[in-house]
Structure formats: structure tokens, C-alpha cells
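[1] starting from these lines, generate the structure:
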Amino acid sequence: MPPPTPPEPHSHRSFLSDFILGSQDGLVNILGIILGVSAATNNLKLLLVATLAALAAESISMGAVGYTSTLARRKLYLSEERREIEEMHAVPEIEREEVRQIFRDWNYQGAELEEMVDRICSNPKAMLELMMAFELRISPVYPEEPRNSGLLVGLATIVGSLIPLLPFLLVPVNFLGDVMASVVLSAVTLFFIGAYEARTTRGSLLRSGLQMLVIGMAAGFAGFLIGHFLGASPL
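    Okay, here's the model as predicted:
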């Protein structure tokens, strides 16, 4: 029986999740504002002011979320690493038995099992990394990752936010036509974001694309409903 797969390298997983988090959030947020504002008024200047202000605030906010959440994961990893090192020194026999159990779960037995345990326990670095990966199931988070995550999420949010705005900024036709073009362009982009995720994770391109499309369009429709009812209200 082959050993279980350790946690996916954090940098690769983080890039995908940060890209999807930022781009999807930015796109859906701005699309919801466009539909909400357009349901209440056809004032293009008001729409651009609202969406560009939201773009600026959202990109900074999401970048900060990416930074702080990754920093928190790094702090957790370092804390668990320190605890594991302390246990390796304070209760070496217990830690050795935990290593033995890992190899036992991989169907090592008898003399071969003890040889593997001896080899790992004679190398503290290898033992520590084995325990972090296969006992605690925690991937390392490197010092530069909080900064990289913050930048990637922030930039992805800006890119995603600009997608629904392109018809208004590049080829404006008329207000209603630009709104419809924004919806279509956003829907296509959401589908491809979902498909990219599936391609990276080896899932179903169609299912993942449609799932991302439905979630994004539902959020945008919620913005439309709010704009419609508030626009019809005397408030």
C-alpha cells in the first residue's frame, strides 16, 4: 500500500485559491453593483463612480485579507512546529511511537518497520517534517507567502472588477446595451475561471465552470433585485 499523499505544496495551492478568491470576488461585486445601479437609474456617471469606488475599496480590503489569512496560517505552522520540536526532546519515546504508527499504517512490519523508524528518528529534520506532514497534515507557509498572497489577491480583485466595466469603458453603445454586454462578458469569464480551477485540480471543466457561473450570476441578480426595489421605493 503506497503512503498517503502529503498536503499539496502550499505555494501552488495558494496561488490557485488566491487567484480565484480575488478575481471572483471582484467580478461578482462589481457586477452586482452594475445591475443594482442600472435597475434603479440609467445614470452612467453614477454607475461609474459607484463601481470605481467599490473597486478601489474592495481590492485593498481583499489584499489585506489575503495577507492576514496567510500570515495566520504561517503563525499556526510555526507554533505547531515549535510544539513538535519540544515534544521530540521532552517525550522522545512517544514521538518515536508516533513515527512507528505512521509507517505501520503504510504496511511496514517487523524488521523493515524498525529499520525505517530508526532511519527517520536518527535525522531530526526528517522526523520533524514527517510529523508535520503526516501526523498534523500541515503544509509549510514560507516567509514571503503572506506578502505574495496579499499582492496576488489584490491584483486579481482589480482584474476581476474591471471585467464587468469593460463595455462601459472601451466600447460604450448605450446604457442598456452596455449592461447586457457586461452580464454576458461576466458570465463567460466566470465560466472560464471555474474551468481553470477544474483544469488545475483535474476536475470536470463543464461542472466547475457552470458552478462558478451560477454562483456569480446569483450574486449579481441579488444586486439587481435590491436596485430594482429600492429604485421603485419613494425613499
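
[2] how about Leu155, what does it touch?
    Shown in contact with Leu155 (C-beta atoms under 8 Å, 6 or more residues apart in numbering): Gly22, Ser59, Gly63. In this view, the C-beta of every residue, glycine as well, is placed from N, C-alpha and C.

[3] quick one: which helix or strand includes it?
    In this assignment (DSSP states H and E), Leu155 forms part of helix 145-169.

[4] so how far is that helix from its chain's centroid?
    13 Å (C-alpha atoms, centre = their mean, to the nearest Å).

[5] show the pLDDT at Tyr67.
    Looking at Tyr67, its pLDDT is 96.

[6] mind giving me the packing neighbours of the host helix or strand of it?
    Following DSSP H and E, one finds Tyr67 within helix 44-90. Where contact means 3 or more C-beta pairs under 8 Å, 6 or more residues apart in numbering; DSSP states H and E, helix 44-90 is packed against helix 10-40, helix 92-105, helix 124-130, helix 145-169.

[7] mind putting these into CSV with distance to Leu76 and mean pLDDT?
    Formatted as CSV, the helices and strands packed on helix 44-90 follow (distance: least, C-beta to C-beta, whole Å; pLDDT from 0 to 100):
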stretch, distance to Leu76, mean pLDDT
helix 10-40, 12, 84
helix 92-105, 20, 95
helix 124-130, 16, 95
helix 145-169, 12, 94
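
[8] can you tell me how far the nearest residue to Leu55 once chain neighbours are set aside sits from Met116?
    The shortest distance from Leu55 to any non-neighbouring residue, by C-beta to C-beta, 6 or more residues apart in numbering, is to Ser161 (4.3 Å). Distance check for Ser161 against Met116: by C-beta to C-beta, to the nearest Å, it reads 52 Å.
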